[in-house]
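Trainee: Quick one: sequence plus predicted model below, questions after.
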Amino acid sequence: MSVRPAWEEKPSLIGRLGKGTVLTAVVAAVVVPLWVVLITSLSSEKTINAVGGYVFLPREFDPSAYVVIFSGGQITDAIVVSTVVALAGTVLSLTVTVLAAYGLSRPGTLAHRPILFYFLLTFLIYPGMIPAYLVVTGLGLKDNLLALILPTAVSAFNLVVLRSFFMSIPGELLDSARIDGAGEFRILTRIVLPLSKAVTAVVGLFYAVGYWNAFFNAVLYIDRNDLQPVQRVLQQFILAGQSPTSSGAAVYIPGLGAATPPTLAIKMAVVVITVVPALLIYPFVQRHFTKGVIIGAVKG
């Protein structure tokens, strides 16, 4: 239990009530929409029609929307595509970013300043959509999953964050490893990365969430339905007004019999599936993020 310093004023009742009210409002603004989406995805067509749309209070439990999603078809294929892109893209992006950041954090490396300037220049100058499209299609990546990974493989912001953290590691520690005969790759894998678990985990989370939530590259480069990521399918369902190809068909659920999932429930079920991975991963990475902030503060 923390002890309040003697010079710090005791909080007033109004101040405590105000903080509690603001905190409650912020939590409600986050939790209530998620709750409505979840309950609507688990509601029957009768319930949705009775309330005229989104459901807040659960009535009839109907998981047929999730049965339809995981029984095969376009949505299932989209989930698989997004999972593959997120995993492969995160591994590639994190590997390249770590290697580039470590090289740019060591003084005296080959073409250190020009390469660093090249990365920093992307903060100010970003290629337009048409040049990027011409480059991707010119490389033969049309209707290829690599088109969803390579154009955004390296983030200059994440690279600068990693480089700054690597530069905070004492040079004497690395020099002692070189005296013992360790090469640069061994120094990176045995010394630098173990000391950088927190910031590396946070950068990996940034990449993973970015790949999972991306859909615009699919709009530009992917025409095949079997290669569409789940965010692109969700965009078609909700924004473009298209309906899932499997909606309207009755599905059999053990213990509940035949059920017909409403279109709105399927849409909300897809939203839940797109949100759940980030919600499951973030609490674990948040612990590393807090640790990384503390380490950076101690190192100055």
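Mentor: Sure, I can see it. Numbering: from 1, shown residues only.

Trainee: secondary structure class for the most centrally placed residue in the chain?
Mentor: Most central in the chain under Cα atoms, centre = their mean is V209, positioned 0.9 Å from the mean C-alpha point. Put simply, V209 is helix when judged by DSSP: H, G, I helix; E, B strand; the rest coil.

Trainee: residue contacts, it?
Mentor: Applying Cβ atoms under 8 Å, 6 or more residues apart in numbering to V209 gives the contacts A278. For glycine as for every other residue, the C-beta is placed from the backbone atoms N, C-alpha and C.

Trainee: How about F56?
Mentor: F56 sits next to 35-36, 39 when contact means Cβ under 8 Å, 6+ apart.

Trainee: Which of those fall in helices?
Mentor: The members of those that map onto helices under DSSP state H are 35-36, 39.

Trainee: could you flag which of those residues are buried?
Mentor: 36, 39 (16 or more other Cβ atoms under 10 Å).

Trainee: Reformat the ones in helices among the contacts of F56 as CSV; add pLDDT and distance to V26.
Mentor: CSV is the format used below for those (pLDDT from 0 to 100; distance: Cβ to Cβ, whole Å):
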residue, pLDDT, distance to V26
W35, 91, 15
V36, 90, 17
I39, 90, 21
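
Trainee: Nearest to A132, out of the ones in helices among the contacts of F56: which one, please.
Mentor: V36 (36.9 Å; Cβ to Cβ).

Trainee: dump the residue contacts of that closest one.
Mentor: 54-56.

Trainee: Poorly predicted segments of this structure, please.
Mentor: By pLDDT under 70, the low-scoring segments of the chain are 1-9, 72, 238-260, 285-300.

Trainee: try 50
Mentor: Applying pLDDT under 50 to the chain picks out residues 245-248, 295-300.

Trainee: Which stretches in it count as helices?
Mentor: Using DSSP H, helices in the chain cover 13-41, 45-51, 64-69, 74-105, 112-121, 129-138, 156-167, 171-179, 184-187, 193-195, 197-213, 216-221, 230-238, 263-299.

Trainee: what's the closest of the ones you listed to A147?
Mentor: Once these are compared by Cβ to Cβ, helix 216-221 is nearest, at 3.8 Å.

Trainee: got the CA positions of the closest one in CSV?
Mentor: Extracted in CSV, the C-alpha atoms of helix 216-221 (Å, rounded to 0.1, in the frame of the first residue of the first chain):
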residue,chain,number,x,y,z
PHE,A,216,-6.9,-1.7,-48.0
ASN,A,217,-4.0,-3.6,-49.6
ALA,A,218,-6.5,-6.4,-50.3
VAL,A,219,-8.7,-3.9,-52.1
LEU,A,220,-5.9,-2.9,-54.3
TYR,A,221,-4.0,-6.2,-55.0
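
Trainee: Can you list the buried residues in stretch 38-48?
Mentor: Neighbour-count burial for stretch 38-48 [16+ other Cβ under 10 Å]: 38-45, 47-48.

Trainee: Oh, that last question was meant for stretch 168-177, not what I typed.
Mentor: For stretch 168-177, a neighbour-count test (16+ other Cβ under 10 Å) marks 168-169, 174, 177 as buried.

Trainee: can you give me the offset of that stretch from its chain's centre?
Mentor: 33 Å (Cα atoms, centre = their mean, to the nearest Å).

Trainee: Can you tell me the closest non-neighbouring residue to W212?
Mentor: Excluding its sequence neighbours, the residue lying closest to W212 (Cβ to Cβ, 6 or more residues apart in numbering) is A86, at 4.6 Å.
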